[in-house]
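**Student:** starting from these lines, generate the structure:
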Amino acid sequence: MSQEQFLFDFNKEVQKDSNFKALFPGDQSLRAMLWIYGKTITGAIPNDRFSEEVIFNAFQETNHEVYQRVPASNFNAQISDLQKFYLRYDEDEQIYTFRDHGKSIFKTVETTLSGNFNPTEIEIICTKLKADLTACQTTEELEVWTRLHFPAFEPNMNTQVDSLDRYIHTTVSSIRVTAQLQSGNAIETLKDIDSQLEKLRQYNTELKAAFSSMKEINQELNKRIHSINDSSLLDKVERVRQFFPHVKYRLGLIDKRLDRLQPRLRQFFSALNKPLFNTQVEKFLHLLLTHSQVEGAQKNVVFPLEIQAIRIFQPTPTFTYIQRKDDLFPPIPRKRIRTEHSPSIIQSIHKGLQEKIVLQRDIEKYVKIILNDCLIKQEVLLSNYFFLIIEETKNVQLAVRVAHSLIIRLPYKREEFNFIVDKSNTVTKNGITIWEMKISSCR
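**Tutor:** Here you go, the predicted structure:
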């Protein structure tokens with residue numbers, strides 16, 4: 001068989017019913033296993049060794065809401081499923097121990113729930129990681145560093161960042177709730193918020209120090225990457241280089257969560273500046289909005305604490321209705337004025353419209369000629385074209401309209417043309433005097 005036939009197919013293997021059921025046992029089994037793991041942490045189960053009776057008690061303690069007594073057939077089937085990845089059985093001593101897969105999962109659960117965030121620990125690990133990298137003199141030693149040292153650091157680093165994320169989330173939520181000032185003394189509330197913010201400041205300071213070595217690690221790897229010829233080692237080094245920006249991105253998300261505190265704190269200090277009456281009214285409205293319910297098809301609002309619904313009385317005015325007869329005051333008809341258009345008037349209107357169309361067409365023609373000449377010659381004098389149009393068409397109005405059109409359009413084409421009016425220099429021809437105007441190309 002070729003080597004490709006032995007390649008591991010993750011999607012195929014994990015979707016197999018036998019593997020999926022063994023990797024992810026039911027809710028009852030996991031609760032029981034976590035209960036036993038908790039007992040091993042406290043020392044209630046010494047040496048991490050336990051009997052079948054302990055497992056039975058674990059099922060009984062953690063699933064008492066499902067059934068009062070665990071059925072034997074169900075119990076044996078669940079133990080059999082757990083023995084593939086979670087439990088190891090010693091037939092001689094009839095004792096169970098946890099497999100590495102199960103123990104690593106339970107350890108992760110313990111770390112996640114405990115939220116043990118220690119920036120100093122990250123700093124120590126980063127410093128040691130950097131020292132080990134600096135000590136690598138050959139590519140073989142660098143390969144060992146990427147294969148052994150960094151993989152041992154990576155999960156610990158991810159765990160610490162996740163713990164910080166959860167702590168920030170909990171603290172932000174706590175401050176947001178505390179800052180609503182719905183109950184309690186304002187001074188005590190301020191002290192509580194200041195205490196929580198001080199912890200965040202402390203963690204932030206320690207975290208900056210903890211990550212001081214990360215940038216230096218990446219710089220060191222950048223120096224060495226050009227001398228590496230092994231593609232496999234290059235992939236490992238690149239994976240390390242990409243890890244720290246990913247951590248920085250996750251920390252950026254945490255910073256955004258901290259930014260959400262500012263609106264709530266502004267609301268809190270705004271509430272402190274309000275008069276007592278306004279604060280009490282705000283509390284009362286918050287109570288109504290939080291605890292009121294809508295009932296029935298009519299969607300009636302039921303207030304909490306037996307607060308009576310508000311009844312609004314709106315007085316109805318009395319009007320005297322007087323009927324008006326249509327023929328009592330008949331309207332005087334107005335004489336409609338009819339305008340008659342003679343053929344001569346219609347013809348003159350059409351003629352004037354046609355002249356305007358021709359004039360506009362000639363304006364566009366000369367504007368296009370001037371701009372094209374400017375692109376070719378790089379610079380033209382508009383005053384020369386002004387008098388040229390008068391000579392060709394004997395129409396001063398056309399020359400004026402062309403100049404006006406260019407003056408209006410060119411400011412919107414500054415990237416293509418530059419328009420300058422020299423008021424100190426004038427051009428006179430045939431009794432007509434205008435300023436010198438230049439159009440230059442910017443291309």
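
**Student:** next one: Gly115, what pLDDT does it get?
**Tutor:** For Gly115, the model assigns a pLDDT of 56.

**Student:** ok, Leu190 next?
**Tutor:** Reading off the model, Leu190 has pLDDT 67.

**Student:** how many residues are close by Asp27?
**Tutor:** If you count neighbours by other Cβ atoms under 10 Å, Asp27 ends up with 10. In this view, the C-beta of every residue, glycine as well, is placed from N, C-alpha and C.

**Student:** what helix or strand is Leu371 on?
**Tutor:** helix 343-377 (DSSP states H and E).

**Student:** so which elements touch that helix?
**Tutor:** The contact analysis (3 or more Cβ pairs under 8 Å, 6 or more residues apart in numbering; DSSP states H and E) places helix 343-377 against strand 379-381, helix 382-393, helix 396-409, strand 432-441.

**Student:** tell me which residues of the last one come out buried.
**Tutor:** Residues of strand 432-441 classed as buried by neighbour count (16 or more other Cβ atoms under 10 Å): 434, 436-439, 441.

**Student:** give me the contacts around it.
**Tutor:** For strand 432-441, the external contacting residues (Cβ atoms under 8 Å, 6 or more residues apart in numbering) are 370-371, 374-375, 378-383, 386-387, 390, 396, 403, 406, 410, 416-423, 425-427.

**Student:** now do 6 Å
**Tutor:** 374-375, 378-380, 382-383, 417-423, 425-427 (Cβ atoms under 6 Å, 6 or more residues apart in numbering).

**Student:** with the third one instead?
**Tutor:** Where contact means Cβ under 6 Å, 6+ apart, the residues beyond helix 396-409 that reach it are 362-363, 366-367, 386, 389-390.

**Student:** need the residues you listed in JSON lines (columns: distance to Pro343).
**Tutor:** Listed next are the contacts of helix 396-409 as JSON lines, based on distance: Cβ to Cβ, whole Å:
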{"residue": "Asp362", "distance to Pro343": "28"}
{"residue": "Ile363", "distance to Pro343": "30"}
{"residue": "Tyr366", "distance to Pro343": "35"}
{"residue": "Val367", "distance to Pro343": "36"}
{"residue": "Phe386", "distance to Pro343": "39"}
{"residue": "Ile389", "distance to Pro343": "35"}
{"residue": "Ile390", "distance to Pro343": "35"}
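
**Student:** of all pairs in these, which one is the farthest apart?
**Tutor:** Largest separation among the contacts of helix 396-409 by Cβ to Cβ: Val367 and Ile390, giving 15.8 Å.

**Student:** out of the buried residues of strand 432-441, who's nearest Phe50?
**Tutor:** Ser441 (90.0 Å).

**Student:** any idea how far Gln83 is from that closest one?
**Tutor:** Distance from Ser441 to Gln83, counting by Cβ to Cβ, to the nearest Å: 85 Å.

**Student:** list the buried ones in the helix or strand harbouring Leu233?
**Tutor:** If you go by DSSP H and E, Leu233 is part of helix 231-259. Neighbour counts over helix 231-259 (16+ other Cβ under 10 Å) mark 233, 236-237, 240, 243-244, 247, 254 as buried.

**Student:** cool, and stretch 413-424?
**Tutor:** 417, 419.

**Student:** over to stretch 48-56?
**Tutor:** For stretch 48-56, by 16+ other Cβ under 10 Å, it's 50, 54-56.

**Student:** one step back: pick out the most distant pair among the buried residues of strand 432-441.
**Tutor:** Ile434 and Ser441 (21.9 Å).

**Student:** any idea where the strands of the chain begin and end?
**Tutor:** 87-90, 95-98, 293-295, 300-302, 379-381, 417-429, 432-441 (DSSP state E).

**Student:** redo those as a markdown table? Include distance to Ile193 and mean pLDDT.
**Tutor:** Putting those into a markdown table (distance: least, Cβ to Cβ, whole Å; pLDDT from 0 to 100) gives the following:
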| stretch | distance to Ile193 | mean pLDDT |
| --- | --- | --- |
| strand 87-90 | 48 | 88 |
| strand 95-98 | 43 | 90 |
| strand 293-295 | 32 | 82 |
| strand 300-302 | 34 | 78 |
| strand 379-381 | 69 | 87 |
| strand 417-429 | 60 | 84 |
| strand 432-441 | 65 | 86 |
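
**Student:** rebuild those strands as JSON lines, extending it with distance to Leu197.
**Tutor:** JSON lines is the format used below for these (distance: least, Cβ to Cβ, whole Å):
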{"stretch": "strand 87-90", "distance to Leu197": "46"}
{"stretch": "strand 95-98", "distance to Leu197": "41"}
{"stretch": "strand 293-295", "distance to Leu197": "37"}
{"stretch": "strand 300-302", "distance to Leu197": "39"}
{"stretch": "strand 379-381", "distance to Leu197": "66"}
{"stretch": "strand 417-429", "distance to Leu197": "58"}
{"stretch": "strand 432-441", "distance to Leu197": "62"}
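
**Student:** tell me which of these sits nearest to Ser227.
**Tutor:** strand 95-98 (44.8 Å).

**Student:** tell me what the closest one is packed against?
**Tutor:** Applying 3 or more Cβ pairs under 6 Å, 6 or more residues apart in numbering; DSSP states H and E, one finds that strand 95-98 contacts strand 87-90.

**Student:** buried set for the strand it packs on?
**Tutor:** Of all the residues in strand 87-90, those buried under the rule 16+ other Cβ under 10 Å are Leu87.

**Student:** just checking: what are the partner strands of it?
**Tutor:** Paired strands of strand 87-90, with direction, are strand 95-98 (antiparallel) (DSSP bridges).

**Student:** pull out the buried residues from the partner strand.
**Tutor:** 96, 98.
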